[in-house]
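Novice: just a sequence and a predicted model for now, questions to come.
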2 protein chains.
Amino acid sequence: MGQLLGEFQCRLDEKGRVRLPSSLLRQLNDLGGYNLVINRSVDKCLMLYPKVVWDKIKVKVDKLNPYVKKNREFIRYFYRGATELSPDSSERILVPKALMEYAEIERDLVLFAYNNKIEVWSQANYDAWISDEKGDDFSDIGEEILGSLNDE
Amino acid sequence: MGQLLGEFQCRLDEKGRVRLPSSLLRQLNDLGGYNLVINRSVDKCLMLYPKVVWDKIKVKVDKLNPYVKKNREFIRYFYRGATELSPDSSERILVPKALMEYAEIERDLVLFAYNNKIEVWSQANYDAWISDEKGDDFSDIGEEILGSLNDE
DNA sequence: TAAAGAAGTGGGAAAATTTGGGAATTATTT
DNA sequence: AAATAATTCCCAAATTTTCCCACTTCTTTA
């Protein structure tokens, strides 16, 4: 049951802070609090996890044997950049510079929440992604997943 | 419970010292103190252990029967370069030169903390590693670990 | 459509963190 | 034993982060 949902346009202020939209704050609160963990994700976006969600995933990753090369690489890949965050007294978070650079965020950004996690995109990259019409390519997956919905 | 988390950009000062970021210090403190052990790890990075964590691992390694060749090799592998460290009165540590050379650290470095340990990388090697998009290779491990999350 | 409340923005100022280096101390070399 | 190098202690300046308050904008309601 995915608790987080929404797409939010935000902007860094002078000091590099992002205010979390109040709708998101309410959802986070329901999920267990404002504590967050952020890391690098794929496709040049960042992933923001409610601490509760992060901890669940982390437990599994930590079980992997790091002396196996492939596991080790996965572990690092998963953890890369991972940093704990919590909003300041005005519900703003300060994302580490290195991560901002990775995501190519300068001023405008998008918070894209679904299924217990929040993707963080630069507005530009997000727009490019959205406007890129790749709809047709999903016919097979779409069929498989959603096709069955019509049966019920 | 893995208590350490975070990615920190650091730089050696004139005297070759690294200041431990205060966030990390707080975490170390919670874990049992500022005493550390560092050794050579794989992939040209160093591994920094809180003393408490090191001691636990050490116990296990020391139990290995050294008359088995493979064990013996692992033991050496594990101990190579191991040195005890503790920060000076300004919370800075001085990493042995030989280890710095091994990790190819000249000035800029990254502390990458996860699961109770801290990897120490040269900024250059770390960046190279980060930017290397190897996402697809993990579909199998990722599936196993992250796929199941959606069930709950 | 005015008023009230909620949401979001901006920035001054205090607090905390980080950086840099002088000087004292200890260790090493010759 | 003197000279040199390495390590450590300590303080001060510079930077970053955080706290706090005020202002603007947006939304809702009467």
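Specialist: Received it, and whenever you're ready, just let me know what you need. Numbering: from 1, shown residues only, chains lettered A, B, ... in the order given.

Novice: which bits of chain A sit near chain B?
Specialist: Residues of chain A that fall close to chain B, judged by C-beta under 8 Å from any C-beta of the partner chain: A:37, A:40, A:42, A:56-58, A:60-62, A:64, A:70-77, A:79-84, A:96-98, A:102, A:115-116. Any C-beta I mention is one placed from the backbone N, CA and C, and that applies to glycine too.

Novice: could you pull out the helices for chain A?
Specialist: A:22-31, A:51-62, A:69-79, A:97-102, A:123-131, A:139-146 (DSSP state H).

Novice: which one, of those, ends up nearest to residue A:90?
Specialist: For the helices of chain A, the distance to residue A:90 is smallest for helix A:22-31, at 11.2 Å, taking C-beta to C-beta.

Novice: what's the closest non-adjacent residue to whatever residue of chain A ends up closest to chain B?
Specialist: Relative to chain B, the nearest point of chain A is residue A:79 (4.3 Å; C-beta to the nearest C-beta). Distances taken as C-beta to C-beta, 6 or more residues apart in numbering or on different chains put residue B:114 closest to residue A:79, at 4.3 Å, once the chain neighbours are dropped.

Novice: so what's the one you found up against?
Specialist: Neighbour list for residue B:114: A:75, A:79, A:82, B:2, B:4-5 [criterion: C-beta atoms under 8 Å, 6 or more residues apart in numbering or on different chains].

Novice: who's in contact with residue A:111?
Specialist: Residue A:111 neighbours (C-beta under 8 Å, 6+ apart): A:6-8, A:10, A:20-21, A:24, A:48, A:118-120.

Novice: re the thing from before, so the residue of chain A closest to chain B touches residue B:118, yeah?
Specialist: No - counting by C-beta atoms under 8 Å, residue A:79 stays clear of residue B:118, with 11.5 Å between them.

Novice: which neighbours do these two share?
Specialist: Common neighbours of residue A:79 and residue B:118 (C-beta under 8 Å, 6+ apart) are residue B:112.

Novice: enumerate the residues of chain A near DNA strand D.
Specialist: Residues of chain A found near DNA strand D, taking C-beta under 7 Å from any atom of the strand as the criterion, are A:15-17, A:88-90, A:94.

Novice: please redo it, this time with the cut-off set to 6 Å
Specialist: A:15, A:88-90, A:94 (C-beta under 6 Å from any atom of the strand).

Novice: tell me which residue of chain A lies closest to DNA strand C.
Specialist: In chain A, the residue that lies nearest DNA strand C is residue A:22 (3.4 Å; C-beta to the nearest atom of the strand).

Novice: which residue packs closest to that residue, ignoring adjacent ones?
Specialist: residue A:91 (7.7 Å).

Novice: next one: phi and psi at that neighbour?
Specialist: phi 60, psi 40 (degrees, to the nearest 10).

Novice: quick one: contacts for it?
Specialist: By C-beta under 8 Å, 6+ apart, the neighbours of residue A:91 are A:19-20, A:22, A:25, A:34.

Novice: ok, it to residue A:34 distance?
Specialist: Separation of residue A:91 from residue A:34 (C-beta to C-beta, to the nearest Å): 8 Å.

Novice: can you check residue A:111 too?
Specialist: Distance from residue A:111 to residue A:34, by C-beta to C-beta: 14 Å.

Novice: cool, and residue A:64?
Specialist: 29 Å.

Novice: residues of chain A that sit close to DNA strand C?
Specialist: Residues of chain A lying near DNA strand C (C-beta under 6 Å from any atom of the strand): A:11, A:13-14, A:19, A:21-22, A:90.

Novice: so the spatially closest residue to residue A:61 that is not a sequence neighbour versus DNA strand D, what's the distance?
Specialist: In this structure, residue A:61 finds its nearest non-sequential neighbour in residue A:78, 5.3 Å apart by C-beta to C-beta, 6+ apart. In this view, residue A:78 and DNA strand D are 24 Å apart by C-beta to the nearest atom of the strand, to the nearest Å.

Novice: list the contacts of residue A:78.
Specialist: Residue A:78 neighbours (C-beta under 8 Å, 6+ apart): A:39, A:57, A:61.

Novice: turn the residues you listed into a markdown table, including neighbour count.
Specialist: Converted to a markdown table, those look like this (neighbours: other C-beta atoms under 10 Å in any protein chain shown):
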| residue | neighbour count |
| --- | --- |
| A:39 | 21 |
| A:57 | 18 |
| A:61 | 20 |
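
Novice: may I see those residues organised as CSV, with distance to residue B:139 and pLDDT added?
Specialist: CSV is the format used below for the contacts of residue A:78 (distance: C-beta to C-beta, whole Å; pLDDT from 0 to 100):
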residue, distance to residue B:139, pLDDT
A:39, 18, 95
A:57, 16, 92
A:61, 15, 92
